[in-house]
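1. attaching a predicted model along with its sequence, questions to come.
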There are 2 protein chains.
Amino acid sequence: MSHDGLMEKQTFVLPAPFVTVGGATIRQVRVGFETLGRLNAAGDNAILIPHYFSGTSHFAGRYRPDDPLPGWWDAIVGPGLPLDPDRYFLVGVDSLANVNALDGITVTTGPASLDPDTGRPYGMRFPQVQIRDSVNVQKALLEALGVTRLHAVAGPSMGSMQAYEWAAAYPEFVARLIAVVPCASVDAYTLARIHDLAAAIRLDPDWAGGDYYGQARPLRGLALALRMMTWLSLAPQGCDLHGRQWAQAGQDPERDPDHGFAIDAYLSSLAEASAQVADANSVLYTLRANALFTVGGKASLAEGLGAIKAPALLIPSSNDQMLMPDATRKVRDLLRAQGNAVDYFELDAPLGHLNGATFIAQAAEAMTTFLRR
Amino acid sequence: MSHDGLMEKQTFVLPAPFVTVGGATIRQVRVGFETLGRLNAAGDNAILIPHYFSGTSHFAGRYRPDDPLPGWWDAIVGPGLPLDPDRYFLVGVDSLANVNALDGITVTTGPASLDPDTGRPYGMRFPQVQIRDSVNVQKALLEALGVTRLHAVAGPSMGSMQAYEWAAAYPEFVARLIAVVPCASVDAYTLARIHDLAAAIRLDPDWAGGDYYGQARPLRGLALALRMMTWLSLAPQGCDLHGRQWAQAGQDPERDPDHGFAIDAYLSSLAEASAQVADANSVLYTLRANALFTVGGKASLAEGLGAIKAPALLIPSSNDQMLMPDATRKVRDLLRAQGNAVDYFELDAPLGHLNGATFIAQAAEAMTTFLRR
């Protein structure tokens, strides 16, 4: 946080070329980050807050006093709240190939970045990055900041993948793990969805094999993918508000196929706004990073979880249709069977997967208890 | 059934121009139908079996001895089974704007049909047809066949919409209603999905505003929509078989973005095969017919159900992610509250919405009891 109480995006430049888990070298990696609170002398009061698919390092607060919305976990960040900047040094980091590459705020290295070898955007020539790669960049940043050990790593959705991966890859560095609307291994059901979110982008003729920079961007395919992602993240209750209302008064959808329903207009307006600042190739890379994720890079879930030493707090959402709570109950049972301490709390609210951000305050007491134990 | 035990597609031509519920006139309507069993002298032993979204009149049996698969409800059709041709006159009818317009077997009238006014395919100039329009065509057929009253109308998914609509529109004509993996009113959650299945087709440049006849067909957009429909119809358990297996041995998806997973290859091969015989515009029309559906055409579910007099057997699937059982429990309670007799049976199998066809035999006893009561 800057001196005036506002959040500030900072830039971390890796001091050396970055080698991905896939073995490719990226000559220069830059990512954005934001912090709140102060690191203690021992360097062990930091909480890393990795973000969800379409999120950024902006986990709380505002950049400017007139920002319409605060960061995505603002409801649980503040004095006396679970993520308490008076106790902890809170760190958010922009992912590699971050979806919001074009928003003018996010700092990321991905397919929209200039390839220093050619001076042109990488496009689909950017190496495939994985969840573990974002974790490794975060580790380099934390070490540069003087962090010796994480008090906790806590994230929702794709942020939970990073949290699990941190705890499995660097068990001595992670004292606690909080996984919200989580996923420890992407299953076939989710692979199928990821495949077709990508297919929607590739179907747009403006995608042009990924070489659309400086030309028309594939906004229709991108908006379709982002809209699909939204309804995949919602539960039926989350749409009830709109019911079968028409998009426009007097324009009965029965009368004309160009007349729509309010729910469609609502989801389209959200997706079209997001598409303006999102980079289609970065969505493809992030989708693929998700598809490739299994904790610890192990085919067996039990084996991947086996490396985790940290106590865990697991917070699924009861009506999550994207990452269903059943899978997290299985993770809970496996972690307990191998001797880990596991707290478990289910969010219960109308928005399905999105409860992990919108209704995270339900889990505040469970998080505070877990973080102070 | 023809004399040799094989099913036969017959064609019904409406004797007069057809006026849709939207007020448009279609000069000539032709639909295919198949029957099994014999109509009794009173004309009241017929069971109508309307089909699901991508189905046809082919509810049972084979056209030729070497057909690889029988019709879609074959498991419950036969002597001693719920849909017993020794007791009942069973009738299946191809829907208007049937999805399989290009398979060489289905007989339908829709956007791929020639407009007699121009001699060219209607394309998107075909009038929007609704579930009620298919019901009205079925009624004309049944009356032409000598049916005086339906012993039952029984269908899965979109077939259940037709069953509900029949019972609400023609309560004196319908003695029993069986609704499987059903939907009595399309909610906002489902509207959002329908919107984007259509968007996938419209995004394909080969769609060309619907005027692709005689040119390249929008097979990529169509296959994407059909693939989405398949995974929307599945439950996580239904994909477990594939796990994270690779599509090709030795082609690790981590190594190359062109290497895929087995689940994606499986769903793509199904969808691409279906796309070969499906008509994209007909998919759009059928999607919109679904979007516009509320039973009895009423905004209020209670009001729409209020017209139904028939006893009902409702058969949702416990893990249906497309049309969740909660909505059917609500229909059950509303029907009971207004005095209808309602039997209720939940399918419990791994395939989610698809249980309504693949695992329908689980409900055989419930159906037999209900039909003979």
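-> The structure has been received and is ready for your questions. Numbering: from 1, shown residues only, chains lettered A, B, ... in the order given.
2. so which helix or strand takes in the nearest residue to residue A:231 once chain neighbours are set aside?
-> Leaving aside its chain neighbours, residue A:231 sits nearest to residue B:192 (4.2 Å; criterion: C-beta to C-beta, 6 or more residues apart in numbering or on different chains). To be clear about C-beta, it is placed using only N, CA and C from the backbone, and glycine gets the same treatment. Assigning secondary structure by DSSP states H and E places residue B:192 in helix B:188-203.
3. that helix to helix A:188-203, inter-axis angle?
-> Here helix B:188-203 runs at an angle of 40 degrees relative to helix A:188-203 (axes from the mean of the first three to the mean of the last three C-alpha atoms, to 10 degrees).
4. what are the buried residues along helix B:188-203?
-> By neighbour count with 16 or more other C-beta atoms under 10 Å in any protein chain shown, helix B:188-203 contains the buried residues B:188-203.
5. one step back: list the contacts of the residue nearest to residue A:231.
-> Counting by C-beta atoms under 8 Å, 6 or more residues apart in numbering or on different chains, residue B:192 touches A:227, A:231, A:234, A:239, A:263, A:264, A:267.
6. among those, show me the least confident.
-> Model confidence across the contacts of residue B:192 bottoms out at residue A:239, which has 84.
7. can you tell me how far it sits from residue A:231?
-> Using C-beta to C-beta, to the nearest Å, one gets 8 Å for the distance from residue A:239 to residue A:231.
8. find residues that contact each of the two.
-> Contact criterion C-beta under 8 Å, 6+ apart; residues bridging residue A:239 and residue A:231 by contacting each: B:189, B:192.
9. not counting sequence-adjacent ones, nearest residue to residue A:87?
-> Excluding the flanking residues, the one nearest residue A:87 by C-beta to C-beta, 6+ apart is residue A:45, at 6.7 Å.
10. kindly report the same for residue A:301.
-> Excluding its sequence neighbours, the residue lying closest to residue A:301 (C-beta to C-beta, 6+ apart) is residue A:185, at 4.9 Å.
11. any idea how many residues pack against that neighbour?
-> Residue A:185 is flanked by 22 other residues according to other C-beta atoms under 10 Å in any protein chain shown.
12. bridged to it, which residues?
-> residue A:294 (DSSP bridges).
13. hmm, it is touching residue A:296, no?
-> No - taking contacts as C-beta atoms under 8 Å, residue A:185 lies outside contact range of residue A:296: 9.4 Å.
14. shared neighbours of those two, anything?
-> Taking C-beta under 8 Å, 6+ apart as the criterion, residue A:185 and residue A:296 both touch residue A:304.
15. ok now the helix or strand harbouring residue A:34, how far from the chain's centre?
-> Using DSSP H and E, residue A:34 sits within strand A:30-36. Its chain's average C-alpha position is 14 Å from that of strand A:30-36, according to C-alpha atoms, centre = their mean, to the nearest Å.
16. mean confidence score for it?
-> Per-residue pLDDT over strand A:30-36 has a mean of 98.
17. could you do stretch A:311-325 as well?
-> Computed over stretch A:311-325, the average pLDDT equals 97.
18. touching chain B at all, that stretch?
-> Yes - against chain B, stretch A:311-325 shows contacts by C-beta under 8 Å from any C-beta of the partner chain at A:321, A:324.
19. for the residue in the stretch 51-200 of chain A that chain B sits nearest to, give me its contacts.
-> Taking C-beta to the nearest C-beta, chain B has its nearest neighbour within the stretch 51-200 of chain A at residue A:188, 3.6 Å off. Shown in contact with residue A:188 (C-beta under 8 Å, 6+ apart): B:236, B:239, B:240, B:241, B:242, B:243, B:244, B:261, B:262, B:263.
20. rerun at 10 Å
-> B:231, B:234, B:236, B:238-245, B:261-264, B:266-267 (C-beta atoms under 10 Å, 6 or more residues apart in numbering or on different chains).
21. which of the residues you listed fall in helices?
-> Residues of the contacts of residue A:188 located in helices (DSSP state H): B:231, B:236, B:238, B:239, B:262, B:263, B:264, B:266, B:267.
22. phi, psi for residue A:150 please.
-> phi -80, psi 130 (degrees, to the nearest 10).
23. pretty sure it is touching residue A:50, no?
-> No - under the criterion of C-beta atoms under 10 Å, residue A:150 is not in contact with residue A:50, lying 11.1 Å apart.
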